[in-house]
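J.: Output the structure for:
(one chain, ligands or ions: 1)
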Amino acid sequence: MAVLAINNLSKSFKNHRVLDGITLTIDSPGIWALVGPNGVGKTTFLNILTNLSPADSGSVKLVGKSNKDYKVFKDVSFLQDNTVLFDYLTGYDHLKYVCDVHKLPSKRIQEVVQYVGMERYTKKTVGDYSLGMKQHLLLAMAIINEPKLLLLDEPLNGLDPTSAILMRKILGQLADKGTTIILSSHNLAEVDRVTKQILFLKDGKLLEEHMDSYEKVYYHIAVQDKPSVASLLTAKAFDFMETDKGFKVLLGSQDFQSLLDLLHQSGAYVKDLQKEITGSEKRYEELFEVGMV
Ligand SMILES: Nc1ncnc2c1ncn2[C@@H]1O[C@H](COP(=O)(O)OP(=O)(O)OP(=O)(O)O)[C@@H](O)[C@H]1O
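T.: Numbers count the residues shown, from 1 in each chain. Below is the predicted model of the structure:
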């Protein structure tokens, strides 16, 4: 049984065709990122999947049932933006409500509060929450029922590094335990950290792509003696740029060992070496024809 089965889904607003005959099947756990420029239709797509908006034509099945059947939402959750929260209620109130809707025992509240690390502010009213705290609450509300399919609209928005790391960890654990996750995001660096499976939304069509072939590996090197390293990088034809503390080097045809040999040869004192992998940004630039600056 497919976790998500979309058949020929279309939606227009007046004469603007936002979704144009989308067909997609996902039948395994894992994380898929939904990516595309502002206004391309990501929220519209997620809203239609969860039956918050009607499609003009086509059909959607979630965990084997029509998305029009409200019973599917026992196994499907949608993390929307924080406008769905009530400022005058506490985090606990929100979780209690969702718990009651799903007829879950209230001990699930404590479990989920601990899991997303929001013990400190569960009893505070949401009006006093920061953006990150609201994202945690929304996540807790979305996973309290242990969904098979989890849809998230911009879950990484406005998170500080600590919260972003926690969010990534949680999403990874859920996917490992069997949840299928689709998340929309504009933050391609974060996307590359959580998944290589991307759904690019372009001109109303969905392109499902794996980022392996677009992956780029960079090393950020902090060195004491920049000139000697710079001349060797140039001599050995490395693709690099200078940074405040040293260099950002792209590993193209040369391998990591050649870079290490070069650093050794330069005699420079290496203060730090960090790896960065990017993939989706390169593909995004190609697909959406982002001009170089
Ligand atoms: N209720 C509506 N009535 C008319 N047009 C709408 C409506 N909802 C969305 N649109 C239009 O549909 C298009 C897609 O909007 P949507 O919010 O789905 O994009 P998005 O990809 O989520 O954007 P963002 O990345 O900025 O959040 C936009 O042109 C938007 O103006």
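J.: CA atoms for contacts and neighbours, from now on please.
T.: OK.
J.: Mind jotting down where the helices sit in this protein?
T.: 42-49, 91-101, 107-116, 131-143, 161-176, 188-194, 226-235, 256-266, 280-287 (DSSP state H).
J.: between those, which one is nearest to Y218?
T.: Nearest to Y218, of all those, is helix 256-266, at 9.9 Å by Cα to Cα.
J.: now for that closest one, which elements pack on it?
T.: helix 226-235 (3 or more Cα pairs under 8 Å, 6 or more residues apart in numbering; DSSP states H and E).
J.: What mean pLDDT does the helix it packs on get?
T.: Taken as a whole, helix 226-235 has a mean pLDDT of 91.
J.: Give me the buried positions along it.
T.: For helix 226-235, burial by neighbour count (16 or more other Cα atoms under 10 Å) applies to K226, V229, A230, L233.
J.: got it, and stretch 77-95?
T.: S77, F78, L79, Q80, D81, L85, T90, G91, Y92, D93, H94, L95.
J.: out of the residues you listed, who's nearest the ligand?
T.: D81 (9.9 Å; Cα to the nearest ligand atom).
J.: re earlier: filter the buried residues of stretch 77-95 down to the ones near the ligand?
T.: If you filter these for contact with the ligand, counting by Cα under 6 Å from any ligand atom, you are left with nothing.
J.: Same list, those residues, but as TSV with pLDDT please.
T.: Output for the buried residues of stretch 77-95, formatted as TSV (pLDDT from 0 to 100):
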residue	pLDDT
S77	96
F78	94
L79	92
Q80	87
D81	81
L85	94
T90	97
G91	97
Y92	97
D93	97
H94	97
L95	97
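J.: so who does the residue in the stretch 101-250 of the chain that the ligand sits nearest to touch?
T.: Distances from the stretch 101-250 of the chain to the ligand, computed as Cα to the nearest ligand atom, single out H186 as the nearest residue at 7.1 Å. Contacts for H186 (Cα atoms under 8 Å, 6 or more residues apart in numbering) come out as V35, G36, P37, E154.
J.: Let's see the pLDDT reported for it.
T.: The predicted structure scores H186 at 87 on the pLDDT scale.
J.: Next, give phi and psi for it.
T.: Backbone torsions for H186, taken as degrees, to the nearest 10, come to phi -100, psi -10.
J.: and H102, what does it touch?
T.: Applying Cα under 8 Å, 6+ apart, one finds that H102 lies in contact with K74, N145.
J.: Report the buried residues of the helix or strand of the chain with the lowest mean pLDDT.
T.: When each helix and strand of the chain is scored by mean pLDDT, DSSP states H and E, helix 280-287 comes last, with a mean of 86. With burial defined by 16+ other Cα under 10 Å, the residues of helix 280-287 counted as buried are S280, E281, R283, Y284.
J.: Ok, stretch 266-280 next?
T.: Using 16+ other Cα under 10 Å as the burial criterion, the residues of stretch 266-280 that qualify are S266, A268, T278, G279, S280.
J.: mind checking how far that stretch is from the chain centre?
T.: Relative to its parent chain, stretch 266-280 has a centroid offset of 25 Å by Cα atoms, centre = their mean, to the nearest Å.
J.: what's near enough to touch S266?
T.: So, once contact is read as Cα under 8 Å, 6+ apart, S266 ends up touching S228, V229, L232.
J.: And for S185?
T.: A33, L34, V35, D153, E154, P155, L156, N157, V191.
J.: ok, how many other residues are close to L52?
T.: Summarising burial for L52: neighbours were counted as other Cα atoms under 10 Å, giving 12.
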